[in-house]
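Asker: Take this sequence and fold it.
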Amino acid sequence: MAGDGPPVVLLHAGVGDRRLWDGQLDAFAERHLVVRLDLRGFGDSPLPGGPFSHVEDVRALLDHLEVPRMALVGNSLGGRVALDFALAHPQRTAALVLVASALGGHEGSAELNAFDEEEDALLEADKLDEAVELNLRTWLDGPEREAAPVPAELRRSVAEMQRRAFETLLRACESSPPPGPVAWVEPPAAGRLPGVAAPTLVIGGAHDLADFRAIAARLAAEIPGAESTVMDTAHLPALERPEEFNRAVLDFLAADAR
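Answerer: Now for the predicted structure:
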């Protein structure tokens with residue numbers, strides 16, 4: 001049964017879908033009403049043609065569920081959505097947990113741009129297996145490790161999520177009109193961090209790409225009063241070390257409620 005804490009919305013990374021939060025659902029639901037969703041184009045959510053906004057998709061869902069105010073927990077892409085939501089709808093944001101978060105307005109490094117180019121080339125060549133493996137090596141393992149210390153079935157699960165997202169994207173791009181562009185807050189969040197009003201916890205991964213380690217440091221430094229911690233993981237801390245992650249986030253939310 002949910003406790004007295006605010007509802008918690010779990011926003012997944014772009015390398016998976018709502019199932020990335022399987023290790024959090026039960027633990028969080030003991031204290032909070034929990035909402036997890038597939039962002040547009042991931043898991044069971046379709047990707048229709050034309051422009052859209054992940055932020056406004058989340059707002060519309062929470063309106064439908066009659067959730068007026070919530071804590072947002074976002075990993076990577078989900079972190080960018082959570083941060084933009086907090087800027088667009090500050091009165092509805094009780095707290096933020098930004099996990100290996102992306103950041104609107106961040107200029108990607110040569111390493112990150114090389115990943116994007118390699119992924120695009122593999123998808124254009126219809127090499128989905130290779131594109132999935134590239135994502136596993138980059139985001140689950142991290143650039144500094146041979147392999148993430150996770151069970152084989154968990155690795156297969158992430159691969160299945162990523163392949164499904166690719167298949168959805170490729171089908172959508174063959175339609176007319178294709179999906180996009182994606183609308184984000186303007187001006188971008190990178191220049192607005194001192195204006196974030198919600199209590200914030202920043203979680204970084206020690207084995208993540210340098211871009212995301214730098215973003216985590218910037219979020220912690222520029223968001224007023226932000227707390228921060230670094231976990232011994234790559235880009236998916238909640239998946240890789242769920243018990244440690246759950247303690248950190250639930251303790252933060254409980255302290256903020258006081």
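
Asker: And the strands in the stretch 101-250 of the chain, which stretches?
Answerer: Ranges of strands in the stretch 101-250 of the chain, per DSSP state E, counting those that start in this stretch, are 179-182, 200-205, 227-231.

Asker: Parallel or antiparallel, list what pairs with the second one.
Answerer: Sheet pairing here is set by DSSP bridges, and for strand 200-205 it gives strand 93-99 (parallel), strand 227-231 (parallel).

Asker: Most tightly packed of the ones you listed?
Answerer: Among the strands paired with strand 200-205, ranked by average contacts under mean count of other C-beta atoms under 10 Å, first place goes to strand 93-99 (a mean of 26). No exception for glycine: its C-beta is placed from N, CA and C like everyone else's.

Asker: quick one on the thing from earlier: make TSV out of the strands of the stretch 101-250 of the chain and add mean pLDDT and distance to residue 105.
Answerer: Compiled in TSV, the strands of the stretch 101-250 of the chain are given as follows (pLDDT from 0 to 100; distance: least, C-beta to C-beta, whole Å):
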stretch	mean pLDDT	distance to residue 105
strand 179-182	96	14
strand 200-205	98	17
strand 227-231	98	20
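
Asker: so which of the ones you listed gets nearest residue 93?
Answerer: Nearest to residue 93, of all these, is strand 200-205, at 9.7 Å by C-beta to C-beta.

Asker: Now do the closest one: everything it contacts.
Answerer: With contact meaning C-beta atoms under 8 Å, 6 or more residues apart in numbering, strand 200-205 is reached by 95-101, 142, 212-213, 216-217, 219-220, 223, 225-231, 233-237, 245, 248-249, 252.

Asker: Neighbours of the closest residue to residue 183 other than its chain neighbours, how many?
Answerer: Nearest residue to residue 183, sequence neighbours excluded (C-beta to C-beta, 6 or more residues apart in numbering): residue 53, at 4.2 Å. By other C-beta atoms under 10 Å, 18 other residues sit near residue 53.

Asker: List the contacts of residue 15.
Answerer: By C-beta under 8 Å, 6+ apart, the contact set of residue 15 is 76, 135, 139, 140, 158, 161, 162, 235, 236.

Asker: Which ones among these lie within helices?
Answerer: Per DSSP state H, helices hold the following members of the contacts of residue 15: 135, 158, 161, 162.

Asker: tell me the contacts of the last one?
Answerer: Read it as residue 162. Residue 162 sits in contact with 15, 16, 132, 135, 136, where contact means C-beta under 8 Å, 6+ apart.

Asker: Most neighbours among the residues you listed, please name it.
Answerer: residue 16 (29 neighbours).

Asker: Could you report the pLDDT at that one?
Answerer: As predicted, residue 16 sits at a pLDDT of 96.

Asker: Show the backbone phi and psi for it.
Answerer: phi -170, psi -150 (degrees, to the nearest 10).

Asker: Tell me where the stretch 51-200 of the chain is predicted with low confidence.
Answerer: Along the stretch 51-200 of the chain, no part satisfies pLDDT under 70.

Asker: Return the closest of the contacts of residue 15 with respect to residue 119.
Answerer: Closest to residue 119, out of all of the contacts of residue 15 and judged by C-beta to C-beta, is residue 135, at 7.2 Å.
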